[in-house]
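Peer 1: after the sequence you'll find the predicted model.
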Amino acid sequence: MLTRRHFTGLLIAGSQAPNLFAATRNVDDILLASMQKRGIPAVAALATDANRVLYSGGFGKRDTTSKVAVTPDSIFQIASMTKPIASVAAMQLVEQGKASLDAPVSKYLPQLANPQVLVGFDAAGDPILRPAKGEITLRQLLTHASGMAYGPWHSLMARYAEKHPLPNNVVAPLVPLVFDPGTNWQYGYSTDWTGRFIEAVSGMNLQQYLRKNVLDPLDMRDTEFGIPADKFERSVNVFRRDPSGKFESNPRVQPPMPTDFNAGGGLSSTVNDYAKFARMIMRYGLTGVNTEILKARTVEMMIQNQIGNLRAGLLKTNQPGISADVDTNPGSIDKWGLGFLLHGPGKSDERSEGSLAWAGIYNTYFWIDMRRGIAGVIMMQYLPFFDREAIGILGDFERAVYTKL
């Protein structure tokens, strides 16, 4: 495994990159052609090594009426790409001895004590629950092995939500588990509750904690919960496909700034900002000015398989308007670290086995290839998630990064 000891070598290799001007023109051409072929309305993308930006570009318009161009500084709702950032924050508390990966989180979150598992429904449609075998730990929250599930990708939770509708915009709802903690992998509210854990342990709200301990040290000035009024003109509208396949966007309305902060999906950001986060991970916890966000040994732990023989990254949708079926690496078995999907062995000629990745519901994606010292970020802004065309342009961008840069 690479460690921080290899870091100097990565910087030297990066300094010997080929002529980037010609290479970036090639990537521009590939992305523009792919976007036009696939009919995607707005795209921003960036590739970086551990030391510098190798490519950045923006294409399309922020909405259907104003014709304002998308750039690498355009602001996208990154939704679940919030999760890795929140996971880094949680691991800071573990480093400091303020939290344990394997102690019950109910010490700080009594709401999660004595969890119940949803096993089915009775003849009246009411949920059948049983006591869970074990308590939920922070490690299970960070690996999505807690038993919590999101409705769009789990039929039992979807049916439960029909009987017990969740309030709109609720952060970290208290829902039953769909399996005993630690016995399976399922994408769900785990990181939402990680945010509550960070607040309880630190005594700060999540926005304050991330700003002070992650975002400001990384100079991620355009990454925040909500979109402030003075930055709203740079934001990209969320598009949706109509029944004919045409993209439409809602009228632009400045949303209210949140007062409750969701670690599972509340941030907005830019490709420029998210690349700073990716570079910190590639530098094993160091910023560009060598401020330490995490210790190297903590990053090494986060990028190792933490779910054993379980499989991650495979989700069956029951709400196709929200998400297509998800298979993050067809033909392979992906794993999960502490906050990141880990790319399994497969047919890919691009990112290395063990590369880190995740995504956001509006088709924002990133990967961090620790072995080759390169990361990519691509942001779109439309539903459904994991749309075939979004995955197509992600693949085109990834191939361009590895072959042209």
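Peer 2: Alright, I've got the coordinates.

Peer 1: sketch out the low-pLDDT regions of the stretch 301-405 of the chain for me.
Peer 2: Applying pLDDT under 70 to the stretch 301-405 of the chain flags residues 347-349.

Peer 1: and the helices in it?
Peer 2: 388-404 (DSSP state H, counting those that start in this stretch).

Peer 1: and for the chain?
Peer 2: 7-15, 20-38, 82-95, 138-143, 155-163, 190-202, 206-210, 271-282, 296-302, 388-404 (DSSP state H).

Peer 1: most tightly surrounded among these?
Peer 2: helix 138-143 (a mean of 26; mean count of other C-beta atoms under 10 Å). In this view, the C-beta of every residue, glycine as well, is placed from N, C-alpha and C.

Peer 1: output the contacting helices and strands for that helix.
Peer 2: Other helices and strands packing on helix 138-143, by 3 or more C-beta pairs under 8 Å, 6 or more residues apart in numbering; DSSP states H and E, are helix 82-95, helix 190-202.

Peer 1: what does the last one contact?
Peer 2: I take that to be helix 190-202. With contact meaning C-beta atoms under 8 Å, 6 or more residues apart in numbering, helix 190-202 is reached by 80, 82-83, 86-87, 89-90, 93, 98-99, 105, 108-109, 112, 138, 140-146, 148, 171-173, 205-206, 209, 261-265, 339.

Peer 1: repeat for the longest one
Peer 2: Identification of contacts with helix 82-95 by C-beta under 8 Å, 6+ apart yields 99-101, 138, 141-142, 191, 194-195, 197-198, 201-202, 206, 209-210, 213-215, 223, 262-267, 277, 293-295, 298, 301-302, 338-340, 356, 358, 360.

Peer 1: now it - C-alpha only, CSV.
Peer 2: Written as CSV, here are the backbone C-alpha positions of helix 82-95 (Å, rounded to 0.1, in the frame of the first residue of the first chain):
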residue,chain,number,x,y,z
THR,A,82,-21.0,15.4,1.5
LYS,A,83,-20.5,11.9,3.1
PRO,A,84,-16.7,11.6,2.6
ILE,A,85,-16.2,15.1,4.0
ALA,A,86,-18.3,14.3,7.1
SER,A,87,-16.4,11.0,7.4
VAL,A,88,-13.1,12.8,7.6
ALA,A,89,-14.6,15.0,10.3
ALA,A,90,-15.7,12.0,12.3
MET,A,91,-12.2,10.5,12.0
GLN,A,92,-10.6,13.6,13.4
LEU,A,93,-12.6,13.1,16.6
VAL,A,94,-11.4,9.4,16.7
GLU,A,95,-7.8,10.6,16.3
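
Peer 1: now that helix, how far from the centre of its chain.
Peer 2: Here helix 82-95 shows a centroid-to-chain-centroid distance of 13 Å under the convention C-alpha atoms, centre = their mean, to the nearest Å.

Peer 1: average model confidence for it?
Peer 2: For helix 82-95, mean pLDDT is 98.

Peer 1: so that helix versus helix 271-282, what angle?
Peer 2: 40 degrees (axes from the mean of the first three to the mean of the last three C-alpha atoms, to 10 degrees).

Peer 1: do the shortest one as well
Peer 2: With the same axes, to 10 degrees applied, the angle from helix 190-202 to helix 271-282 works out at 70 degrees.

Peer 1: quick one: contacts for residue 163?
Peer 2: 121, 125-127.

Peer 1: distance check, it against residue 138.
Peer 2: 30 Å (C-beta to C-beta, to the nearest Å).

Peer 1: my read: residue 218 touches residue 276, true?
Peer 2: Yes. Between residue 218 and residue 276 a contact is recorded at 4.7 Å, counting by C-beta atoms under 8 Å.

Peer 1: skipping adjacent residues, who's closest to residue 204 in space?
Peer 2: residue 212 (7.4 Å; C-beta to C-beta, 6 or more residues apart in numbering).

Peer 1: what about that neighbour, how many residues nearby?
Peer 2: 13 (other C-beta atoms under 10 Å).

Peer 1: residue 350 contacts residue 400, doesn't it?
Peer 2: No. Look at residue 350 against residue 400 with C-beta under 8 Å: they stay out of range, at 9.6 Å.

Peer 1: for residue 250, give me the pLDDT.
Peer 2: Residue-level pLDDT assigned to residue 250 equals 84.

Peer 1: do the one 10 residues further on as well
Peer 2: Taken from the predicted model, the pLDDT recorded for residue 260 is 96.

Peer 1: ok, the closest residue to it other than its chain neighbours - contacts?
Peer 2: Ranked by C-beta to C-beta, 6+ apart and with sequence neighbours excluded, the top spatial neighbour of residue 260 is residue 171, at 4.8 Å. Listed by C-beta under 8 Å, 6+ apart, the contact partners of residue 171 are 192, 195-196, 260-262, 266.

Peer 1: rewinding a little: going through the contacts of residue 163, which ones are buried?
Peer 2: The neighbour-count test (16 or more other C-beta atoms under 10 Å) marks residue 127 as buried among these.

Peer 1: quick check, residue 331 in contact with residue 345.
Peer 2: No. Between residue 331 and residue 345 there is no contact under C-beta under 8 Å: 9.2 Å.
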